[in-house]
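Undergrad: Everything below, folded, please.
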Amino acid sequence: SIDYGDYGNEEEAFTKGQNARTMTKFAAAMMRSLQEMDYEKFELKSVPDFKLRIGICAGKVIAGVVGAQKPLYDIWGDTVNIAARMDYTGDKGKIHIPKATAHELMNLD
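TA: Residues are numbered from 1 along each chain as shown. Down below sits the predicted model:
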């Protein structure tokens, strides 16, 4: 067994609400960028109708590198699963947030 000492017990740099607000602003900026894109310069036969479907959930995750031949950084946990579920079951063109994260967004910390 590996002893990691106190690693992981330090206080978080940002609150869940701050993280959720940052991710929500980023998601909204991505959606705006798609709407404001000048597709004319790409000389496409037709203008694509891109619609993002985004799920955001604030909480703890486990992160690590997997794979020996082609290492990849990945994250796991209930927070990731909830965000993914909100993404693939939600409406296109919307940012989906579970109730707990919505409450964190409304807290003014």
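Undergrad: now the strands for this protein?
TA: For the chain, the strands defined by DSSP state E cover 53-55, 62-66, 72-76, 94-96.
Undergrad: Which among those is found nearest to residue 11?
TA: The stretch from the strands of the chain with the least distance to residue 11 (C-beta to C-beta) is strand 62-66; that distance is 17.8 Å. Bear in mind the C-beta positions are built from the backbone N, C-alpha and C, glycine included.
Undergrad: Give me the sheet partners of the closest one and which way each runs.
TA: Strands that pair with strand 62-66, judged by DSSP bridges, come out as strand 72-76 (antiparallel).
Undergrad: Put the alpha carbons of the strand it pairs with into PDB.
TA: Once non-C-alpha atoms are left out, strand 72-76 reads as follows in PDB (Å, rounded to 0.1, in the frame of the first residue of the first chain):
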ATOM      1  CA  LEU A  72      -4.600   9.500 -20.900                       C
ATOM      2  CA  TYR A  73      -5.700  11.900 -18.100                       C
ATOM      3  CA  ASP A  74      -9.200  11.100 -17.000                       C
ATOM      4  CA  ILE A  75     -11.700  12.000 -14.200                       C
ATOM      5  CA  TRP A  76     -14.300   9.700 -12.500                       C
END
